[in-house]
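[1] Quick one, fold the following:
(chains A and B)
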There are 2 protein chains.
Amino acid sequence: MKADKIPEATIIRLSVYSRNLQHMEDIGVTKVSSQEIADAADGSSAQVRKDLAYFGEFGTRGVGYEVKHLNRNLKKILGLTKPRSVVIVGAGRLGKALTLYNGFGNRGFRILGIFDKDMSKVGEQIGDLTISPMYKLDEFIKKNEIQMGVITVPAAAAQETVDIMTRAGIKAILNFAPKNLNVSNDIKLRNVDLAVNMEVLSFYMGLDEREDGK
Amino acid sequence: MKADKIPEATIIRLSVYSRNLQHMEDIGVTKVSSQEIADAADGSSAQVRKDLAYFGEFGTRGVGYEVKHLNRNLKKILGLTKPRSVVIVGAGRLGKALTLYNGFGNRGFRILGIFDKDMSKVGEQIGDLTISPMYKLDEFIKKNEIQMGVITVPAAAAQETVDIMTRAGIKAILNFAPKNLNVSNDIKLRNVDLAVNMEVLSFYMGLDEREDGK
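    Numbers count the residues shown, from 1 in each chain, chains lettered A, B, ... in the order given. All right, here's what the predicted structure looks like:
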């Protein structure tokens, strides 16, 4: 498997396929065709076959795929066969919402801590967790061998948060702060900018409006 | 401009460029090079020039770009020159966080209403807004000519929310529910699955772990 040749869009789709396969597995479906996988993900069967082909042969021509077997393989590819430990930094509304978001736990992401530098928030209970002060972040990451960090601090505080996380040994960061962050090459970083998604929608709406002569 | 030939990744980058240009404009920067635009977006100058070339000639060779002029054009391309009206459906933690997220307002997205079918939430104040009951959603969209909807309801309630929104005349939907939704072709839909982002990170972490022989 040459990771640098696999489009990121393929990885995103594998994640969606796996989620849908999990649902099928949970309700007792045992066999599935590439067309059914495609339908559940709003894609094409050719795309499904192409995405899977990067990683091997998982099905039988004319028979389809065994749901459990395929999902186990997808989870393995996605690194989801063992739990991933996560901390969230920034206990604002988004940080709290993410701490309680059950879509993470479902997929093996264990949120073990939430941190904030605002001492008036420290000690507050968020589900099973208690908000901890920022000065304890470094030690917490090291002691618990935390692998992933989620950043929901304001833009101005994002880079220092990244620096603390990476020095302490975190390997991957999901950043919600509207800020381009510098990380060393061995750290995986993804930025989620919620306004960007709205702007992509706005772009396509604008095309229609121009066509309509509005 | 042939919209179907423009990669979505280009639109996403234009949104990022525009945000950075806005920042430059706000602090009084008047001229910028494609290299500086690239640096702020963590990209390459060749990519910046290619992205902009889909839409025309905005700079002068050897001189660069006028910040204000370029940003005005990018905002026009992104449909951001007039405000976009938005409703949020689902007043859970994520819905509340998004209602108060200032990254939307900054870019011209006006959140005019937040709705929930849980009557115990109705009447609660979220910033300047009051949570309204679901049965008022249809009328509210029509009366205020709302253009965009954000869905933060549980997966099981997402499709019915889409159906109400689209029947009432909404043109674009940003969906946070972990569910593949059916919409007619004239509706723009984007799905934001927060766990997918974590899984993409997990995939790349897994590659390193395999290399390390862990």
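[2] Where do the domain boundaries of chain A fall?
    Domains of chain A are assigned by automatic domain parsing as A:3-77, A:84-196.
[3] Mean neighbour count, these: which tops it?
    Of these, the one with the most neighbours on average (mean count of other C-beta atoms under 10 Å in any protein chain shown) is domain A:84-196, at a mean of 19. For the C-beta atoms, the positions are set from N, CA and C on the backbone; glycine is no exception.
[4] Can you give me the first-to-last residue distance of that one?
    27 Å (C-alpha to C-alpha, to the nearest Å).
[5] now the domains of chain A as CSV including mean pLDDT?
    Output for those, formatted as CSV (pLDDT from 0 to 100):
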stretch, mean pLDDT
domain A:3-77, 90
domain A:84-196, 93
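[6] could those domains go into TSV alongside distance to chain B?
    Formatted as TSV, those follow (distance: least, C-beta to the nearest C-beta, whole Å):
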stretch	distance to chain B
domain A:3-77	4
domain A:84-196	4
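[7] for chain A, what's the longest strand?
    Assignment by DSSP state E gives strand A:109-116 as the longest strand of chain A.
[8] Next SSE downstream of that strand?
    Using DSSP states H and E, the helix or strand that directly follows strand A:109-116 along the chain is strand A:125-126.
[9] What is that next one packed up against?
    helix A:93-100 (3 or more C-beta pairs under 8 Å, 6 or more residues apart in numbering or on different chains; DSSP states H and E).
[10] next structured bit after the helix it packs on?
    According to DSSP H and E, the helix or strand after helix A:93-100 is helix A:102-105.
[11] rewinding a little: which stretch among the domains of chain A comes nearest residue B:163?
    Nearest to residue B:163, of all the domains of chain A, is domain A:3-77, at 16.4 Å by C-beta to C-beta.
[12] what are the ranges of the helices in chain A?
    Ranges of helices within chain A are A:8-26, A:34-41, A:45-53, A:67-77, A:93-100, A:102-105, A:137-144, A:155-168, A:194-211, based on DSSP state H.
[13] Would you reformat those as TSV and include distance to residue B:34?
    Shown next, in TSV, are the helices of chain A (distance: least, C-beta to C-beta, whole Å):
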stretch	distance to residue B:34
helix A:8-26	24
helix A:34-41	37
helix A:45-53	34
helix A:67-77	37
helix A:93-100	33
helix A:102-105	38
helix A:137-144	38
helix A:155-168	24
helix A:194-211	20
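[14] one step back: mind putting the domains of chain A in TSV, distance to residue B:174 included?
    Output for those, formatted as TSV (distance: least, C-beta to C-beta, whole Å):
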stretch	distance to residue B:174
domain A:3-77	16
domain A:84-196	8
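[15] Strand partners (parallel or antiparallel) of the longest strand of chain A?
    Strand A:109-116 has the following strand partners under DSSP bridges: strand A:84-89 (parallel), strand A:129-133 (parallel).
[16] May I see these organised as a markdown table, with distance to residue B:132 added?
    Listed next are the strands paired with strand A:109-116 as a markdown table, based on distance: least, C-beta to C-beta, whole Å:
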| stretch | distance to residue B:132 |
| --- | --- |
| strand A:84-89 | 30 |
| strand A:129-133 | 31 |
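[17] follow-up on the earlier one: which of the domains of chain A sits closest to residue B:104?
    Comparing the domains of chain A by C-beta to C-beta, domain A:84-196 comes nearest, at 5.8 Å.
[18] Residue B:167 is nearest to which of the strands paired with strand A:109-116?
    Nearest to residue B:167 among the strands paired with strand A:109-116 is strand A:84-89; the distance by C-beta to C-beta comes to 37.5 Å.
[19] Mind listing the residues bridging to the closest residue to residue A:63 other than its chain neighbours?
    In this structure, residue A:63 finds its nearest non-sequential neighbour in residue A:31, 7.4 Å apart by C-beta to C-beta, 6 or more residues apart in numbering or on different chains. Residue A:31 has the following beta-bridge partners by DSSP bridges: residue A:66.
[20] my guess is residue A:31 meets residue A:65, correct?
    Yes - contact criterion C-beta atoms under 8 Å: residue A:31 and residue A:65 qualify, at 7.1 Å.
[21] Now list whatever residues contact both of those two.
    With contacts defined as C-beta atoms under 8 Å, 6 or more residues apart in numbering or on different chains, no residue is shared by residue A:31 and residue A:65.
[22] what sits against residue A:140?
    Residues near residue A:140 by C-beta under 8 Å, 6+ apart: A:87, A:112, A:113, A:115, A:132, A:146.
[23] Alright, I will stop here.
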